[in-house]
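Enquirer: Sharing a model that was predicted from the sequence below.
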Amino acid sequence: MPDTRLDDLQQAHIRQLQKAYADILQQQGYDAVLISSGAAPVRYADDQYHHHQGYGHFLHWTGLAGIEHSWLLIDRDGSARLWLHTPVDFWHATAEIPAEAWTQLIHVEGQAGTGVPEIAYPERLAVIGDPAQINTVKGQVNPPALLAALDHLRIYKSEYEVECIERANAQAARGHKAARDAFLNGASEFAINLAYQQATAQREVDAPYHSIIGLNDHAGILHYQHYQIDSPPRARSLLIDAGCRYRGYCSDITRTTAAPGESRFQALVNGVESLQQRLCDAVAPGADYVELHHRTHLGIAALLKAADLVTGLSEEAMVDKQITRAFFPHGLGHFLGIQVHDVAGKPRPSPEHAPALRLTHRLEPGMVVTIEPGLYFIPSLLPPLLNGADGQHLNRPLIDELKSCGGIRIEDNVQVTDSGARNLTRPYLPE
């Protein structure tokens, strides 16, 4: 059944892009820009290919994730033509010309070959995409000023884009609920991942990123990449960081669950949850994301103090001495959109005290960000602290008791509105 509301929003989104691209091309002095969808490279010394997600600026117009060897031409007046790769192939399923509402605004035709369309191109042509795909195309390849302008355009999400991100949240939320239930029923990391995929009805390779599913101490590995097949003898905690794609747009959600009986760890989970919700409430036009990150460290310090993990120091002293960085080493979050870590997040460098921070903007309406504070017991970061000058302030026995729980991260996706913020995750995953 056609989704007329979403179709209308998508058409409005494309009209916005047509106007914006026309302005940018005129400002940059180009007659047109040719955008490559990209294609998956072949694995070295093999005949198998990596999975292809799609080039961001191509997806910004089409939402066609996974499409390869296709080309989108935007003329100086904003008109758009798409050549979709439609080979005659009995080995693989091939793309079909879509019959959707957005094709009323983008002329679409099939093309059997993988090369650029054989048409007359203007002299002042920019070509953008994976250099491996476009390095032989006539035109100015990946001009930095044009790419910067197009990246900046993606900072501000249209109503259509926000709707897609919200639907990706709803889809992922079903998986998170299934994963939590599987964990509480004693499932392994591998089985939890299967439960997530089953509930979201999305193949793992089509997800926006490899799901992080860590039990116990694995929850303390920030980008843990494996799935143990066997359940641990005693399951103490689950951290799952997993999202979905909807029409090319991403969700990025993290939840942490303490096993029954883990009262100390549950108290920390509750504390991070409370902190995370205060930070979500602080998202608003004009808010400095770097300052929100600093407030996160003060909040983590307050949790460490309340839990008696660190004693004898004020919250400010814990932050100044970088004690909180050992327990919370990553940034508060990032832009979210077509890419999980969406483009143009750092108009200024990350501050010295937060080198991993991916977002340094002052927030504005239309932005979509993640808010993801964490508190971890990371083996490689704690020993230097424990054995250093400030080790006397750390509660070693309690750290030893909790370190096999790994860590905590709680993450929502939040839209900056004209008057504040709208949480795109909590309506579907309240806790």
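Expert: Yep, it's here.
Enquirer: show me what contacts residue 16?
Expert: residue 158 (CB atoms under 8 Å, 6 or more residues apart in numbering). All C-beta atoms are positioned from the backbone trio N, CA, C, and that covers glycine.
Enquirer: I'd guessed residue 112 sits against residue 89; true?
Expert: No - if you go by CB atoms under 8 Å, residue 112 and residue 89 don't touch, sitting 9.2 Å apart.
Enquirer: tell me the average confidence for stretch 206-226?
Expert: For stretch 206-226, mean pLDDT is 97.
Enquirer: Stretch 43-56 too?
Expert: 92.
Enquirer: Tally up the residues packed near residue 356, please.
Expert: The tally of other residues near residue 356 (other CB atoms under 10 Å) stands at 12.
Enquirer: Thought residue 328 was touching it, still the case?
Expert: No - Residue 356 is not in contact with residue 328 according to CB under 8 Å; the separation is 10.0 Å.
Enquirer: which residues are in contact with both of those two?
Expert: By CB under 8 Å, 6+ apart, no residue touches both residue 356 and residue 328.
Enquirer: Tell me the pLDDT of the residue nearest to residue 416 when sequence neighbours are not counted.
Expert: In space, and not counting its chain neighbours, residue 416 is closest to residue 367: 4.5 Å by CB to CB, 6 or more residues apart in numbering. pLDDT for residue 367: 98.
Enquirer: likewise residue 281?
Expert: On pLDDT, residue 281 comes in at 98.
Enquirer: Quick check: it is in a helix.
Expert: Yes - under DSSP: H, G, I helix; E, B strand; the rest coil, residue 281 falls within a helix.
Enquirer: For it, give me its contacts.
Expert: residue 421.
Enquirer: how close does it sit to residue 302?
Expert: Residue 281 sits at a distance of 16 Å from residue 302 (criterion: CB to CB, to the nearest Å).
Enquirer: With residue 286 instead?
Expert: 25 Å.
Enquirer: tell me the contacts of residue 305?
Expert: With CB under 8 Å, 6+ apart, residue 305 has these contacts: 311, 313, 315, 318.
Enquirer: May I see the buried residues of the helix or strand encompassing it?
Expert: Element membership of residue 305 [criterion: DSSP states H and E] is helix 289-306. For helix 289-306, the neighbour count (16 or more other CB atoms under 10 Å) marks 289-290, 292-297, 299-305 as buried.
Enquirer: Distance from the chain centre to that helix, please.
Expert: 22 Å (CA atoms, centre = their mean, to the nearest Å).
Enquirer: With only the CA atoms kept, save whatever helix or strand comes next after that helix in PDB.
Expert: Proceeding N to C from helix 289-306, the next assigned helix or strand is helix 315-320, under DSSP H and E. Output of helix 315-320 as PDB, limited to C-alpha atoms (Å, rounded to 0.1, in the frame of the first residue of the first chain):
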ATOM      1  CA  GLU A 315      33.800  15.900  40.700                       C
ATOM      2  CA  GLU A 316      35.800  18.800  39.200                       C
ATOM      3  CA  ALA A 317      39.100  17.300  40.400                       C
ATOM      4  CA  MET A 318      38.200  13.900  38.900                       C
ATOM      5  CA  VAL A 319      37.600  15.600  35.600                       C
ATOM      6  CA  ASP A 320      40.700  17.800  35.800                       C
END
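Enquirer: In helix 315-320, which of the residues would be classed as buried?
Expert: Buried, per 16+ other CB under 10 Å, within helix 315-320: 315, 318-319.
Enquirer: Over to stretch 249-268?
Expert: 249-259, 262, 265-266, 268.
Enquirer: mind listing which of these are in helices?
Expert: In helices, judged by DSSP state H, the following of the buried residues of stretch 249-268 are found: 265-266, 268.
Enquirer: Please tabulate these in JSON lines, including the columns distance to residue 123.
Expert: Shown next, in JSON lines, are those (distance: CB to CB, whole Å):
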{"residue": "265", "distance to residue 123": "64"}
{"residue": "266", "distance to residue 123": "66"}
{"residue": "268", "distance to residue 123": "62"}
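Enquirer: quick revisit: please convert the buried residues of helix 315-320 to JSON lines, extending it with distance to residue 243.
Expert: Shown next, in JSON lines, are these (distance: CB to CB, whole Å):
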{"residue": "315", "distance to residue 243": "32"}
{"residue": "318", "distance to residue 243": "32"}
{"residue": "319", "distance to residue 243": "30"}
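Enquirer: pLDDT weak spots in the protein?
Expert: 1 (pLDDT under 70).
Enquirer: tell me the domain ranges of it?
Expert: 4-153, 159-423 (automatic domain parsing).
Enquirer: Now for the contacts of residue 305: which two are most distant?
Expert: Farthest-apart pair in the contacts of residue 305 is 311 and 315; separation 12.3 Å (CB to CB).
Enquirer: so after the helix or strand hosting residue 160, what's the next helix or strand?
Expert: Secondary structure assigned from DSSP H and E places residue 160 in helix 159-184. Downstream of helix 159-184, the first helix or strand assigned by DSSP H and E is helix 189-200.
Enquirer: Show me what that following helix is packed up against.
Expert: helix 159-184, strand 212-215, strand 237-242 (3 or more CB pairs under 8 Å, 6 or more residues apart in numbering; DSSP states H and E).
Enquirer: need these in JSON lines with mean neighbour count, can you?
Expert: Output for those, formatted as JSON lines (neighbours: other CB atoms under 10 Å):
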{"stretch": "helix 159-184", "mean neighbour count": "22"}
{"stretch": "strand 212-215", "mean neighbour count": "26"}
{"stretch": "strand 237-242", "mean neighbour count": "26"}
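Enquirer: can you redo these as CSV with distance to residue 116?
Expert: Formatted as CSV, these follow (distance: least, CB to CB, whole Å):
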stretch, distance to residue 116
helix 159-184, 28
strand 212-215, 38
strand 237-242, 37
